Structures are given as structure tokens and as C-alpha cells.
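**Student:** how would this look folded up:
(chains A and B)
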Amino acid sequence: MRFTFLLPLLCCFVMAQSAPADPASKAGAEKKMSIVRVNVTDQAWDFIRPWIKRTQFTRRAVGVVLAGNRVLVSAELVANSSYVELEKAGGGEKAAASVELVDYEANLALIKTTDDKFMSALKPMELTDSSVGDHVAIWQLENTGALLSTSAIVTTIEVQRYPIDDTALLVYRLATSLQYRENSFVVPAVRDDKLTGLLMRYDPRTQSADTIPAPVINHFLKDAAGKSYAGFPKAGMDYTGMRDPQLRHYAGLNGDSAGGVYITSVHKESPAGKAGVCAGDVLVAVNGQQVDRDGNYVDSQYGKISLSHLTSTKAYVGDKAKLSIIRDGKSLDVEITLAHRAVADYVIEPYIIDRAPRYYVLGGLVLQELSRQYLKEWGAEWMKKAPERFVYYDRFQSDLFQDRRKKIIILSMVLPSENTIGYEDLGNLVVTKINDVPLNSFADIEQALQKPVDGFHKIEFEENPRVIYLDAKKTEESIPALKQNYGLRSLMRLE
Amino acid sequence: MKRSFSGILIICLVLAQSLAAATPATEMKKSVVRITMTEQEPNYKVPWAPGSTASGVGAGFVIETHNGQRVMTNAHVVSNSRFLSVSKENDPKQYIAHVEFVGHDCDLAVLKIDEAGFFKGTVPLQFGGLPEIESAVSVYGYPIGGERMSVTNGVISRIDFQLYTHSGVDAHLTIQTSAAINPGNSGGPVLQEGKVVGVAFQGYSGDVAQNVGYMIPVPVVQRFLKDISHGSYGRYMDLSISTFKLQNPAMRRALGLVDDDHGVMVSSVAKEGSSDGVLKQGDVLLEIDGHSIASDSFVDLDGEHVQMEEIVERKFKGDEVRFKLLRNKQQMEVTVKLDKAFPYLIQANTYDVSPRYVLFGGLLFQPLGHDFYEAFQPEDLRVRFFYDFYVSDQLYVDHPEVIILSTMLPDPINTYLGEFRNGIVDEINGVKIRTLKDVSEALHKTSQYYVIKVLGTGRPIVLESSAVEPARARILQRYNVSKEENLSE
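**Tutor:** Okay, the predicted model is just below:
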């Protein structure tokens, strides 16, 4: 079940029962100095009309002051930000700020301001890990600047999907009853006056909140302190549980005591693939930690948790991991070098944020790269409503495309012009070639257009009508009219 | 949303103006019959069960066929029928009827009546031609609103290709009329000047459109009658190509055409279809059987402006279609022999068949088809893709049937296999699965393990033969399954 993102949420003062550390009044003054309001004006690109930005809107959140005069917020808050400012909780003093570092996969961002005076009055907060059963407080701000603290309890610590679907990292799940307030797109969870997590989504129906936990934040900060930010690593394999005794016998596992999971797919360019791990191998241990039949191991801190924790939140890019596998009934150890999978290493990029979409308007034909960001223009139900072929390509891209650096170029729609008579109804077609040149990246378009065939641009599709033609010279001549008619400043964005 | 009229109705009566040589109206009335049917529709979720029964009423009319007098009606009036009876106006007797010929792709059927006395006093109705737009017609039948025969009037509104909703995939020439056609009119004649000009068959529900009713025109009816005169009905043959209108001036020049608004481009040729190997993608079709093809794919045929498909529509299996075309700017002539229907039947409604399946260890394997899809409404993206792109991506080449592991009858043998529901079966014990028969054969070969690979899942389904043998009998008994497989329709 996916949660809705915590929009403006906010808080309330839960009283009573819980947590000894609670009373806001006591430590109130100190606490306020460790959090600031963060006001972000976001303006995303329109992926259907890639030459324009959508209407801007402002979100307000509570950021946490960290050492080094930085403010921590979630990456979602600053996605496609045009303007960021910090605001003191009380008094309304403001400072312009900028995003210093953002990791959309870990959903974390650091904000910095050059206004030293603004920051000098604030006190950095430290981090602390939590365990299941710990009581924590969720901090929000009232309009007056007063601190509102809601108590919560850590019910579950597990590896969960993050907003960028391909990422799964450690999450603290909290049980809490939050009230709606403005300014609460992101709010901190605090224990003993230390930061233990940032809320990233809240489901009011089940009253549970998913929190980016201190271990993920620490990983992000430690990585940020290095020369270049590397991100969270992945092993690059999929697996499924092995409870089925018939499958265990078939895979050569004898006896009932052993655990192990069945590796279902390994991409050849992933860390596991480069080290020779194959689909069909049975993974029985990672770094000496025994893996059970569901893919969990017993963590000293969290108890049973998914083995992927060992190769993501708990590890850094460049670390080695030892996979103990059984192949054809024989045991062997494989050492893999963990790496981060860059967004560019996806055929259909899982997200495009802070970057304008590439496009090329060719005589009225709008060419774009297929991305999940484009598909998400069909709304929350995009998996059902977006063009089915594209959704299929996205979901099964690792099966369908061997070269994961290839891109899929699509004709997204047609801006009718005299060049496109008879083509008006075409849209959402995969473009395979232009002028007989296969298209594997957006840059190929411009090159291909250099070489018209007998004065025509020949454009080929995967589906009907398979091929259409434009008059190369007339296409060139129509540029000013097309720009003027549709109000386009440029007919292309290649970078 | 289009809806076919289920059930009911019938008949005719010629009304109205004049009546030259044709049968007098009072005589014709006697030739209109009411058809009552009891049907049994299979349940694809429980394919071994006989299905539930329902009944309906439709219309029909007496015609003369090569076998003598018969009753013509819509296929959808008699589909999946288990018992049929017909009655005439002013005659209380119920006569037992049987389906003699049925064409589900053109929604027509011919019924044989056991008792010879049935036709006493009836006159076989004569067929006319294509009526003129705006000319008046009368529709006879037994629509909702009462028990006795009803007549409505209207004019011919439009003649064009339309989807026939009974099969859900076939489009043929269709006449639209403003006369009210309601549930119960199905199978009834539409008359003009004492002759049948159409068979009422489908329309829109009232909240979608008003005064839009459809009839099957005489060319489609005559084709059906001619086909059955050979003793059986074959499907419509198809060119199995897609075409693209050539309205873009640059495209016309690039393909070597002049600016005369003629010719359409072949955009794809279905593998294994009638045109495979004869027509090529990129060919520009200029003439079909000597009729010049306009750039919007229309031709002039017998004074009518119709889509070029109409020429193919009127032909039969084994007939030929001649094309004049431009290939690589060279003019040439080719001949397509119509020997195959379009390989798209996965998306067609099916009737008068029992669901095919194989049940093994509680795993139910079924071929993907429209009725299966409606029953299960799978949300699985891969299954939806295989269904929707079966034709356009030519998935039928590797999958003449797409075999789905549709469900499991829970048993210890399959209790860990829930993740495979809706899986498309790729291989069993190393044998590629192309049809349901392949599944049956692979599972009947004794083996220590049955290893079933499903598309897109890295891990196989493994059934141990020592475990599966006792499970088979157990499952049949526990779930009241009459037999483990049905391979024939």
C-alpha cells in the first residue's frame, strides 16, 4: 500500500500519556533555535508542452539546522525550486537561500544561506538513531511561531519504497495522530532534542507516518562531506523468497534448516552482474549474515530486516560486499563492488527534476525522450491512464532493453502546421529512425537531420503509420512561422 | 458506448407508400416471427461448469434459402442457445427451431423449423438493394413496450462501415436509420416498398444518442446467404494490412505521387495474413480490382462512395484481389489471394463454444481471449499488453495462443505460488508453449519435476511429480471439477 505524501500537515499537541521528554515549555526556547521555516517556490516543467513551466506554487515546511550553517529538508520540498528562503519561527525574519545538495532518491536536501547573521542565532541539532518502541516528538510550528509537539511511537523499522519508485531504503514508521497545519510539508521527528527523522508521508486513515530515519540522514551527510556526492549504492539484483519446498529441492537445497532467496534477475552492468551473479543463483548470506527464506537477516540493531539494507543504507559506494550463493548445488562466495545507479543509466529515466525536458519541434512534430516524468503527466493513475505501450516499456525496461544507456525517442504530439497536414492525429509513437539513422539518444536527432534523403526528412515509427515524410527545405523555412504561431521561443532544447 | 440489443424481436411489415410488385403488407406480416430462446453462457472462471441459463426474445422473418424456407434472424438472438422456439402473429402454437447456419462475424443466422406446417400461410420475403439516403423505411419487430408486433418508421440516415458489436471486432457496411430500434427489434426486417433492405441489429442506449439505429444491409445478408449455400459458413477473409491516408503533400512527393488525391500507403502487413509476402510496408495502393483508390481510402463502387474494404468484404475464401500499386516509385500489379481471416480473434467475443483449459495441480491454464478477459478483468500490465498489442505487435507469431495461469485452486501443492497468478506461460520442461495443447502434452510427459517458466518472473514454478500425482485427484474431488482439461471447443 502506498501512502499519500504528507502535504501540509501538522500538528498538534498531544499531551499526556507518553514521553517524559515532552513539555514544550521547558526546552522551548532552545528547540526553536534549531528549526526554521523553509519557504520554497517550485515551478516544474510541463512535460506535455516541454517548452513551458507550470504555474509556480509555494510550499512551506520546517527545516532542521545542522552543523555548518546548513538546513536539512526533504528533497521533494525543493524539487524544481525557483526560489528558497529561510524564515525564523517567530518574528518573521527572512533570508534568501539556495539548495547546496539534493538527493532525490534518498529524498534529502541541504539548504544554505549566505546570510551569516541569520544563521548565527540558530543552534545546530545533532542526530540520534531510534529503535522500535521509542517515543519521539514531531515538531511543527503554529502561525505564531509557537512550537507544537505531537508525540509518536516508532512501531516499525524496515526497508520501504521512497518517493522515487526505484529506491528502497530504511524507514522508521511512526504511529501518531497529526493535525493539519500549514507549513508542514516536511517536519522533523525528534528524540531527546536530537533529530531522529524527517517525515516524508503521513496517512491520516491509519495514522502512520513514514520517516526518513537518522541512519539514512547520516549516510547522506557523511557522503556530502566527501569530495563528491556518490549517493546510495545498490547491488543490482532482484530476488524472490524460497519458502516453497518443491523449489528448494529443485534448486538443490537439502534439509529444512537453511534459508536463502532465489535470484530472479541480474542486470549485466550492475555490481552483481559484473561480479558474475546470475539469475537462478540462491543467495544464502550477505557479508556473513544469514539470509532467511523471505530475504531478511537479523540485524543487531533492528532485528529482522530486508537484506537490501546491507547493500544500501548500511553501505557506501565503492564498498565491497560478499555474497554467499549456491549455484548448481555448490556453494561459492562472490565479492561485488557496490555502485550507485545514475538516473542516466535508465533507458526510461525514473525522474527528471531540476532539468528542463529535452524536445525538438520538427516542422510541428514534437519529439521528446520517454521518461517516467512524462508518463506521470497522466496523474496519480498514470500506470493505467498513460499510453499502455510506454507504461509497459517503463515497467519492464530491464527485460526489454539490453543497453541501458539507450533512450527512447517519441513523437509526443503534433502542433499542426502546413508541414503536418494529414499527420494531426499522430501522437505517442516511438520514433525509431530519422533519415535512416537509428535513434538511441536525443543527440542523434540533430545529427540525423543533417542528412535528408532526397530533400525529405524520413521519420520512422515502431507502430503505424511506420513512416512519414517532411519536406526538409519547407520544414526549415517554416521555423519562424511555427515559433510565432505557437509562441515558442525556441523549437528545441537539446541539453 | 455501443450496445447490441440483446434478446428480442422481430419482424416486419411493409408499410407505407406504394408497393409496386412486392408482397402486400398483410401477407408480409405473416412472415414475421417471434423467437424465444434459452441460452447458457459459460463461466470462464469455472470453465468446467455448464454455466447459468437465461432467456430472451427476438425477431425473425421467413426467407427462401437453397435448402428451402427458413427463418432469418441475428446471430446474437440465438447465440449460446440451448432451446429455441418461434411463433407467428395470430397463431398460438410454439414451433421448435434449430440453428442451421450462424455467422458471428456478420451477426446473422438461419433457423430451421422442424414442423413443415409452420410455413403454411407465410411468404418468403424478398430482398431489395441499398436504399437511398433520406428514403423512408419501416422497422418490424417485438421491441419493449408490449407483447404484440410493433412497427416504427424513419428514414435512411447514413451508410458507412460500423463495428458489429456482437463479435466486437468486425466492421462491415451498415445502414443507420432514424426509425426507433429498441431491444427486441433484433433480427427483424427493415422494409421499403415491400422488400427487405436490412436486418435491424444494434443501436445506442437512449442516454447516448437518439434516433440512431442500425441495420445490416442487403450486401452483407446476400454474402451470408451465398456462403451458406455451399453447405457451411466461413469467416470473412481479410487483407490483414493497415493503411495510412496520403494527404500530406511532402509525403506524396516523397513516395513519387502527383498531387491528385489518390493512393493510400500500406503501413503494415500482418505476418501470416492473406497479404503477407505480396504487399509490402510502404507500398502505395492505387487501384483495387480496377477501382481507383482515393487518398482517404475510399472507392466508387456501384455508384456508392465506400471504403475500399467493401470490395474485399464481398469476396469469399479463395477469391483474389488485384492491386495496382507503386513500390519504390515503380508501378506494378499484384494479386492477393484471400485465404485467411485476420489473426485478431483473441479480441473477439466467442459464442457456442465451451471454454478451453488445462488444470494441473490446481493450476488453471487458459488461453487469453475476450471472454476470458471479461471474466477475469486482469490488471496485470503484461497480460493487458499482450491482449491490446496482440495484433499490432504480431505477438501471435510466437504465441498463436497466449496461455495464462489464470488462477489456482488452493492446495498444499500450490500454496506458495500465488505470485504467479496472471502469469503468461513461456516454457514447460524446456518446451516453448505456443498453444494450450502444448501445455497438455508437456504436462502429460512423466518427469521428476514439472518446471514451468512464466514470462517476466525469474524463478520457475516447480511441481514435484511425487507430490502432484496425489494432488490431482484430491483437487478434482475437493473443487468438484468434472475433468482436468478441455482442449476442444
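**Student:** sec struct for residue 140, please.
**Tutor:** I went with chain A, as the question did not name one. Of the three states, residue A:140 takes strand under DSSP: H, G, I helix; E, B strand; the rest coil.
**Student:** Equivalent analysis for residue A:473, please.
**Tutor:** Of the three states, residue A:473 takes helix under three-state DSSP.
**Student:** Would you mark the buried spots in stretch A:87-100?
**Tutor:** Neighbour-count burial for stretch A:87-100 flags A:87, A:88, A:89, A:94, A:95, A:97, A:99 (criterion: 16 or more other C-beta atoms under 10 Å in any protein chain shown). For the C-beta atoms, the positions are set from N, CA and C on the backbone; glycine is no exception.
**Student:** Check those residues and tell me the two furthest apart.
**Tutor:** By the measure C-beta to C-beta, A:89 and A:99 form the most distant pair in the buried residues of stretch A:87-100, at 20.9 Å.
**Student:** Run a quick neighbour tally on the closest residue to chain B within the stretch 101-250 of chain A.
**Tutor:** For the stretch 101-250 of chain A and chain B, the shortest gap (C-beta to the nearest C-beta) falls at residue A:244, measuring 3.6 Å. The burial count assigned to residue A:244 is 22, neighbours taken as other C-beta atoms under 10 Å in any protein chain shown.
**Student:** what's near enough to touch it?
**Tutor:** With contacts defined as C-beta atoms under 8 Å, 6 or more residues apart in numbering or on different chains, residue A:244 is in contact with B:416, B:417, B:462.
**Student:** same thing with residue B:104?
**Tutor:** Neighbour list for residue B:104: B:75, B:79, B:166, B:167, B:348, B:349, B:350, B:351, B:352 [criterion: C-beta under 8 Å, 6+ apart].
**Student:** For the fourth one, give its distance to chain A.
**Tutor:** What that stands for is residue B:167. Distance from residue B:167 to chain A, counting by C-beta to the nearest C-beta, to the nearest Å: 22 Å.
**Student:** So what does that residue have for phi and psi?
**Tutor:** Residue B:167 adopts backbone torsions of phi -90, psi -30, taken as degrees, to the nearest 10.
**Student:** May I ask you to confirm that it is in contact with residue B:342?
**Tutor:** No: using C-beta atoms under 8 Å, residue B:167 is not in contact with residue B:342, being 11.4 Å away.
**Student:** the more surrounded of these two?
**Tutor:** Using other C-beta under 10 Å as the criterion, residue B:167 and residue B:342 rank with residue B:167 on top: 25 against 19.
**Student:** which residues touch the nearest residue to residue B:463 once chain neighbours are set aside?
**Tutor:** Leaving aside its sequence neighbours, residue B:463 sits nearest to residue B:450 (C-beta to C-beta, 6 or more residues apart in numbering or on different chains; 4.3 Å). The contact partners of residue B:450, by C-beta under 8 Å, 6+ apart, come to B:360, B:361, B:428, B:429, B:442, B:443, B:461, B:462, B:463, B:464, B:465, B:468.
**Student:** Widest-spaced pair of those?
**Tutor:** Farthest-apart pair in the contacts of residue B:450 is B:442 and B:464; separation 15.8 Å (C-beta to C-beta).
**Student:** which one of those two has more residues nearby?
**Tutor:** It is residue B:442, of residue B:442 and residue B:464, that has more neighbours when counted by other C-beta under 10 Å, with 22 against 19.
**Student:** which SSE is that one in?
**Tutor:** helix B:436-444 (DSSP states H and E).
**Student:** in that helix, what counts as buried?
**Tutor:** Of all the residues in helix B:436-444, those buried under the rule 16+ other C-beta under 10 Å are B:436, B:437, B:438, B:439, B:440, B:442, B:443.
**Student:** Which one of the residues you listed is nearest to chain A?
**Tutor:** Set against chain A, the nearest of these by C-beta to the nearest C-beta is residue B:443 (15.0 Å).
**Student:** Let's have the contacts of residue A:244 in a markdown table, adding secondary structure, distance to residue A:190 and pLDDT.
**Tutor:** Output for the contacts of residue A:244, formatted as a markdown table (DSSP: H, G, I helix; E, B strand; the rest coil; distance: C-beta to C-beta, whole Å; pLDDT from 0 to 100):
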| residue | secondary structure | distance to residue A:190 | pLDDT |
| --- | --- | --- | --- |
| B:416 | coil | 43 | 94 |
| B:417 | coil | 46 | 94 |
| B:462 | strand | 50 | 95 |
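**Student:** Is it possible to get CSV of those residues that adds neighbour count and distance to chain A?
**Tutor:** Converted to CSV, these look like this (neighbours: other C-beta atoms under 10 Å in any protein chain shown; distance: C-beta to the nearest C-beta, whole Å):
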residue, neighbour count, distance to chain A
B:416, 18, 4
B:417, 23, 7
B:462, 20, 4
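**Student:** Return the alpha-carbon coordinates of the helix or strand containing residue B:407 using CSV.
**Tutor:** Using DSSP H and E, residue B:407 maps to strand B:403-408. Extracted in CSV, the C-alpha atoms of strand B:403-408 (Å, rounded to 0.1, in the frame of the first residue of the first chain):
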residue,chain,number,x,y,z
ILE,B,403,-1.6,-19.2,-22.2
ILE,B,404,-2.3,-17.6,-18.9
LEU,B,405,-2.0,-19.2,-15.5
SER,B,406,-5.3,-17.7,-14.5
THR,B,407,-5.9,-18.9,-11.0
MET,B,408,-5.1,-21.6,-8.5
